[in-house]
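> With the input below, show me the fold.
(4 chains, ligands or ions: 4)
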Amino acid sequence: MNIPYTSTARPDTGLYNAKLGIWLFLASEVMLFGALFSTYILLRVNAVSWPHGYEILNVPLATLNTVVLISSSVTMVMAWASLMMKKFDKYKMYMGLTILLALVFLVVKYFEYSAKFEHHLYPSTNTFLAIYFTVTALHGLHIIGGVIVNAYLWGPGSKMWKTDPQRFTNRVEVAGLYWHFVDLVWIFLFPVLYLL
Amino acid sequence: MHDLLGLPIDASSHGHTIDEMIVIIHWLMLVLFVGWGGFFTYSLIRFRRAKSPKADYVGVKSHTSSYIEVAVALFEGVLLVGFAIPVWSNVWLSYPDENDALVVHVVAEQFAWNIHYPGKDGVFGRRDISLVTSDNPLGLDRDDPDAKDDITTINNMHIPVGKPILVYLTSKDVIHSFALPLLRVKQDAIPGQAIPIAFTATMTLDEIRDQLKKKYSLADGHLPENLSTLVASTDYNAGDGTPILAKGELLNEDAIAKLREAGISSIEASQDTPVEIACAQLCGLGHYRMRGTLVLNTPEQFEAWLEDEAAYLE
Amino acid sequence: MADETSKHNSQKQAEGVGVGTHAHVHHEEHHHEVSFIRKYVFSTDHKVIGIQYGITSLLFLFFGFTLMMVMRWQLAYPGEPIPWIGLLLGADRAPDGIMLPEFYNQLGAMHGTIMVFLGVVPLAVGAFGNYVMPLQIGAIDMAFPKLNMMSYWVYFMGGVTMLVSFFLPGGAANSGWTSYAPLAVIATTGQTVWLIGMIFLITSSLLGSVNFIVTIIQLRTHGLTFMRLPFFVWAQFVTSFLLLLAFPPLEAAGILQLMDRVAGTSFFMPSGLVVSGIALPYTGGGSPLLWQHLFWFLAHPEVYVLILPAMGIVAEIIANNTRKPLWGYKSMVYAAIFLGFMSFVVWAHHMFMTGMGTTISAFFQTTTMIISIPSIIILTAFFLSLWGGSIRFTTPMLFALAFLPMFGIGGLTGLPLGLAPPDIHLHDTYYVIGHFHYVVAPGTLMALFAGIYYWYPKVTGRMMNDMLGKLHFWGSFIFLNGVFMPMFIQGLAGVSRRLYDGGEQYAHAQSVLQWNEVMSVSAWLLGLAQIPFIINFFLSAKNGKKVGDNPWDATTLDMAATTSPPLAHGNFERVPEVHRPPYEYSVPGAERDFIPQHERTA
Amino acid sequence: MDTAHADDVKKTVRTYIFVFVALMGLTVITVAISYLHLSVTAAVTVALIVATVKASLVAMYFMHLVSERKAIYWTLALTAFFFILLMFLPIFTDQNSTRLFH
Ligand code: HEA
Ligand code: HEA
Ligand code: CUA
Ligand SMILES: [Cu+2]
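Ligands and ions are numbered 1, 2, ... in the order given. So this is what the prediction gives:
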């Protein structure tokens, strides 16, 4: 027996299972990052002095990363759209691009981090850096998680396209929702940490 | 109800407001519990299978329960608006003018209460954590002119009765909680913050001891368990009038032997230090022994104590 | 299903999971053929996972209780060597068998953590929710079976992590289950492991709650509208939302505390801390109260996670044993939703004594009073359900009935705590300990026992022994009250909680000190009272009276529509369709006194 | 959107490109503004407004929230409520204390 509504939508809710699932998961993620954001506000408001992000952090690199991440969101959504149009080759290309862009993001992040460590700037140096490292590292972990999922859907997981194309398309859509959320978090982190 | 609940003596001017609330709520709780419990027991007996073989599909039709629920909600509303909120803001969070009050700093640490009085000049001396040593747990800068006359004690707080006390409470390390069960005072001591609390004591130590006095039998094998923490509640003299134990004096085996000799078979005594500073927040392995004592003096006794301490400083 | 083989299997399975708490069993199990592992260890069947959760959490519950029985020795007889096990504990815990204060604090923190996160929640949600909920909604499994399996194993790892922490230098976490900073930040390594364990447990809960919500929304069978769901399913539904949205802030807080501990950040560390005369190397600027807010933002909803499934279980059993529909089903559902919602806005009532201003305290006092109303509504509905019933005092019913006054006492004693001025006197005293144990132990635990007796025949195909059950009930009922009632007396006298010597040092505790021994003896007798249960639990699987698929003449799908127990994969011979509300007992004119939800003709 | 047809998808692809351009533009704007060194309040307001617009674009179009189902709106509304509550948390930590001993 198979579990119903893995590929088609349940008529009365209009949703297939995984879509509802991922949105619920994202809801919990909102609360996770919300708590960190709230921490940031509290610490900043109570701080005797607080550095401007741009005095310590590398804004051009971060801008580059913003562009990279937004682009990866577009390629991700294009990957899904390609599947909707039954163009598997295009899907492969866009998904590949998405993964590549994510890797670029991580490499840039790596350079940012090592530059900080070289200048002996650590999480323990001050509260600003503490929150910077914690939040960006957590966001980085989310990126890594996304890369793993996307790589699976690009490689071995894509076999499902032959057996159950609808379900595979759903999977890509769900991975996409997660990926856009990770992008969305960065859209807030970038100004809050770097520009203010 | 107050006694039924076993609330301790209340030795502060605001304590009764708290106790009254505790009593009122417990009445409410009792009424609800007995009411509901009565209905519960009655239902269980009346509708047991043997008595009521066939269940009624509909059951209760009346709306009484809704009215009761509304009534409970209203009662809670009254408690809230009529008591809890005003007591919190007007009584608990009302602070005396610093000029009318005795201002004391209390600094908690693992596992002791440091009490800091400003001394005659009424100004607190500078404290600096870099000066903290085992002799100077507060890090008081004795070179600061304001600090010259400051009086500090550990685990022993003296306050006068009848005068508002304004405590600024903080901690050096972890969170503690400054609790005076007999004065209905409790406030967490949080590092990095100085939190004001105000209260006025209404009973002196002697009066409290009088209220707490109990009879202890001196028959053989009947020594009070916590002998060394008890003080006599009246003067005890031998048959010939020679004093054995004066009021307020600590009991000891020697005195008890003498009392027995004099044919005194029971004695009235009370706790030596019934008014305590308890730590009500887990603060590490010594949390359980972070106990301070509070000495409630008449204003004259208190002034005398201050004089003594000042003299001792010089 | 031929029950001889399946029984044999479920037996094996029980052992596999039961002993599975010790890692070595798994290695042995690799020698068996793969199918066994897939079927009973890494199973994706919600029923097997439910049983795995059940047995693991019962063992943790028992372990958490054991910690407390040891602590209660020290509380009753401070400074005297612990008999029997004292010398086994080792010199860094109990030299000469006398417990050290450090060790007392470890036991306390771990008792709280284990009971809440490894005992009651996994039993109430992981076990009962997993096993019963899909059956009650007519689903063949959970929406995401693999996720379900992962959620169990992540929970399992969290549990092992917590257990391992006892063997670290410096022992397990010792800063209370609340882990308040800065104490927890400067504590021994056990705290780091505690945080890691918590992150596992939180992850497990999140996976579980997503799965539950999707399953309830998506996999309800035909005709099962929301207002036809058994109350138990509603309770699990609301609970899942609480877990989903309240846990992440604690996860964030856990990460921050981990950073404070291992990376030297100062999220919770203010400037200028001096510990034992030495200034700490923290830059400062953090806020200790931030931890408390984030902790209670989770932990208050969490306490309703502890109570809602219990209410769900009680609802099923009361309807079944009064042979009539629940009174006010709709109002109960709305009350449960409202309760869930409100539980997010009361958290700071745990923090009145941190120095709270007028406005904020007024806000939290008001929300706290408001949240008591839905509980009263639900309790009232239970009471009124009894009226006009034909009450059967079966073992599950006894436990379910006892839940009501016990939760009543626990809930009512929450009221003085919820008003800030009385809380000045009562905060952090044994009154609080009494309050919440009445809700979680004589309350929730009783309901969980009720659930075990009620669903056991569904799981194993055999009844539990009634005599032993009643013995278990009366023993537990009496001694639970013996442990927790005196706590109110001590609390009103002002005795602090978490005291290594039970308050021996304090003058104001002297007049109520004698209760310590009473409570401790009750706790040990309570332990003895569990023996009939443990015997019953294991022996009935083999020797219990065999039953058919609807042993209690119930109406809900879990009992009425499935294949005969133990259930095969897929649960139903034919997926049922629902035609009526959940509790159609004693319908006037019907020939039997119950009409199952899926039965076509009335 | 699983019911959408390939033609609709083609149309939405155009939307995606438009959104992409908008996001890039907004990124440039927000970085540029940061070089103006506005006062803290102004800077925070502008930065957060821009970020919110960008995030909404992502959520609305990439995550196709514009055409989503009720169950998801309800979930998100609930989450949004608790999220806002969480943002008030810093206010709740504001204690009735003085910073006497600094
Ligand atoms: C399942 C767990 C659970 C539940 C349901 C509750 C329910 C409630 N709790 Fe409790 N609480 C805890 C678990 C729970 N609590 C824990 C674990 C702690 C301590 C944590 C720690 O510090 O370690 C705590 C602490 C705690 C505090 C902090 C105390 C302090 O530290 O100073 C407060 C303060 O407001 C409080 C209030 C309440 C209130 C108002 C309710 C209300 O929801 C209760 C509503 C219920 C009723 C009002 C009862 C209705 C019933 C009847 C009217 C019928 C009765 C009659 C018969 C049956 C005959 N609780
Ligand atoms: C769900 C939560 C829960 C539960 C159920 C319990 C149950 C019990 N608790 Fe617990 N307790 C807490 C949560 C809980 N506690 C918390 C959070 C704290 C605060 C910690 C802190 O200060 O940080 C605390 C603190 C606490 C204290 C205060 C310690 C102190 O302040 O120093 C005490 C003191 O007596 C105590 C006692 C007990 C007792 C006697 C039980 C008994 O009711 C236990 C009964 C248990 C059983 C009856 C187990 C039955 C199980 C079986 C029989 C299994 C059988 C197995 C198989 C069949 C496989 N607890
Ligand atoms: Cu200091 Cu407890
Ligand atoms: Cu609470």
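> Just give the number of residues close to residue 59.
Picked chain A for this. 16 (other CB atoms under 10 Å in any protein chain shown). Where you see a C-beta, it was placed from the backbone N, CA and C, and this is true even at glycine.
> wrong chain, I was asking about chain D
The burial count assigned to D:Ala59 is 19, neighbours taken as other CB under 10 Å.
> The residue lying closest to it once chain neighbours are set aside and chain C: what is the separation?
Across the structure, with CB to CB, 6 or more residues apart in numbering or on different chains as the measure, the residue nearest D:Ala59 apart from its sequence neighbours is D:Leu65 (5.0 Å). From D:Leu65 over to chain C the distance is 18 Å, taken as CB to the nearest CB, to the nearest Å.
> dump the residue contacts of D:Leu65.
With contact set as CB atoms under 8 Å, 6 or more residues apart in numbering or on different chains, D:Leu65 has these partners: D:Ala59, D:Ile72, D:Leu76.
> ok, so of those residues, who is nearest C:Ile433?
Among those, D:Leu76 lies closest to C:Ile433 (CB to CB), at 39.2 Å.
> Am I right that B:Asp206 is in contact with B:Val231?
No: the criterion here is CB atoms under 8 Å, and B:Asp206 misses it with B:Val231 at 10.0 Å.
> Which one's more surrounded, these two?
Per other CB under 10 Å, whichever of B:Asp206 and B:Val231 has more neighbours is B:Val231, with 21 against 17.
> Flag the shaky bits of the stretch 1-150 of chain B, pLDDT-wise.
B:1 (pLDDT under 70).
> hey, where'd the strands end up in it?
In chain order, the stretch 1-150 of chain B shows strands spanning B:102-109, B:112-117, with DSSP state E, counting those that start in this stretch as the criterion.
> Check the contact lists of B:Asp206 and B:Val231 and give me the overlap.
Here B:Asp206 and B:Val231 share the contacting residues B:Gly248, scored by CB under 8 Å, 6+ apart.
> C:Leu206: helix or strand, and which one exactly?
Counting by DSSP states H and E, the secondary-structure element that holds C:Leu206 is helix C:190-218.
> low-confidence ranges in chain D?
Residues of chain D that meet the cut-off, pLDDT under 70, sit at D:1-6, D:93-102.
> domain parsing for it?
In the domain annotation for chain D, the residue ranges read D:1-67, D:69-102 (automatic domain parsing).
> C:Phe344 is nearest to which of those domains?
When the domains of chain D are ranked by distance to C:Phe344, counting by CB to CB, first place goes to domain D:69-102 at 5.7 Å.
> Tell me how far that closest one lies from the chain's centre.
Averaging C-alpha coordinates over domain D:69-102 and over its chain gives two centres that are 17 Å apart (CA atoms, centre = their mean, to the nearest Å).
> Near B:Ile45, how many other residues are there?
Counted by other CB under 10 Å, the residues lying close to B:Ile45 total 10.
> Distance check, the closest residue to it other than its chain neighbours against chain D.
Counting by CB to CB, 6+ apart, the nearest residue to B:Ile45 once its immediate chain neighbours are dropped is B:Lys51, at 7.6 Å. Summarising the geometry, the distance separating B:Lys51 from chain D, computed by CB to the nearest CB, is 47 Å.
> For B:Lys51, give its distance to C:Ala319.
The gap separating B:Lys51 from C:Ala319 is 20 Å, by CB to CB, to the nearest Å.
> okay, those two: which has more neighbours?
Neighbours were tallied for B:Lys51 and for C:Ala319 using other CB under 10 Å; the higher tally belongs to C:Ala319 (27 against 10).
> name the element B:Phe199 belongs to?
Under DSSP H and E, the secondary-structure element containing B:Phe199 is strand B:195-200.
> So which other helices or strands are in contact with that strand?
Applying 3 or more CB pairs under 8 Å, 6 or more residues apart in numbering or on different chains; DSSP states H and E, we find strand B:195-200 packed against strand B:164-171, strand B:185-189.
> ok now do C:Met332, which residues does it touch?
Applying CB under 8 Å, 6+ apart, one finds that C:Met332 lies in contact with C:Phe231, C:Trp234, C:Ala315, C:Leu326, C:Ile377, C:Ile378, C:Ala381.
> let me fix that: C:Leu567
C:Lys47, C:Leu135, C:Lys458.
> Among those, which lie within helices?
Among the contacts of C:Leu567, the members falling in helices (DSSP state H) are C:Lys47, C:Leu135, C:Lys458.
> Next up, the contacts around the second one.
Residues counted as contacts of C:Leu135 (CB under 8 Å, 6+ apart) are C:Lys458, C:Leu557, C:Asp558, C:Thr562, C:Leu567, C:Asn571.
> Using ChimeraX, define a selection of the buried residues within those.
Command for ChimeraX that selects the buried part of the contacts of C:Leu135, burial taken from 16 or more other CB atoms under 10 Å in any protein chain shown:
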select /C:458,557,558,562,567,571
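> from the middle of its chain, how far away would the lowest-mean-pLDDT helix or strand in chain A be?
Considering only helices and strands, the least confidently modelled element of chain A by mean pLDDT, DSSP states H and E is helix A:53-56, at a mean of 88. Its chain's C-alpha centre and that of helix A:53-56 lie 24 Å apart, by CA atoms, centre = their mean.
> Mind checking if that helix is in reach of chain D?
Yes: with CB under 8 Å from any CB of the partner chain as the criterion, chain D is reached by helix A:53-56 at A:Tyr54.
> Which stretches in chain D count as helices?
Under DSSP H, chain D gives helices at D:6-34, D:40-57, D:70-87, D:89-92.
> The ones you listed into TSV, with extra columns for distance to B:Tyr57?
Below are the helices of chain D laid out as TSV (distance: least, CB to CB, whole Å):
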stretch	distance to B:Tyr57
helix D:6-34	53
helix D:40-57	53
helix D:70-87	34
helix D:89-92	49
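> Mean neighbour count added to the helices and strands packed on strand B:195-200, as a markdown table?
Supplementary listing: the helices and strands packed on strand B:195-200 in a markdown table, determined by neighbours: other CB atoms under 10 Å in any protein chain shown:
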| stretch | mean neighbour count |
| --- | --- |
| strand B:164-171 | 22 |
| strand B:185-189 | 26 |
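> I'd like those written out as a markdown table, with distance to ligand 1 and mean pLDDT added.
As requested, the helices and strands packed on strand B:195-200 are exported to a markdown table (distance: least, CB to the nearest ligand atom, whole Å; pLDDT from 0 to 100):
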| stretch | distance to ligand 1 | mean pLDDT |
| --- | --- | --- |
| strand B:164-171 | 18 | 95 |
| strand B:185-189 | 9 | 96 |
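> Ok, which of those strands comes nearest A:Lys86?
Each of those has some distance to A:Lys86 by CB to CB; the shortest is strand B:185-189, at 64.2 Å.
> Report the angle between that closest one and strand B:164-171.
Angle between the axes of strand B:185-189 and strand B:164-171 is 30 degrees (criterion: axes from the mean of the first three to the mean of the last three CA atoms, to 10 degrees).
> For strand B:185-189, which strands pair with it and how are they oriented?
Note on strand B:185-189: by DSSP bridges, its sheet partners are strand B:176-180 (antiparallel).
> right, is the partner strand up against ligand 1?
No: judged by CB under 6 Å from any ligand atom, strand B:176-180 stays clear of ligand 1, getting no closer than 10.5 Å.
> now the angle from that strand to strand B:112-117?
Note on geometry: by the same axes, to 10 degrees, strand B:176-180 and strand B:112-117 are set 70 degrees apart in direction.
> So the residue nearest the centre of chain A: helix, strand or coil?
Using CA atoms, centre = their mean, the residue of chain A that lies closest to the mean C-alpha position is A:Val182, 2.4 Å off. Under the three-state scheme (DSSP: H, G, I helix; E, B strand; the rest coil), A:Val182 adopts helix.
> still on that earlier bit, between the helices of chain D, which gets nearest to C:Phe352?
Closest of the helices of chain D to C:Phe352 is helix D:89-92, at 12.1 Å (criterion: CB to CB).
> No further queries at this time; thank you.
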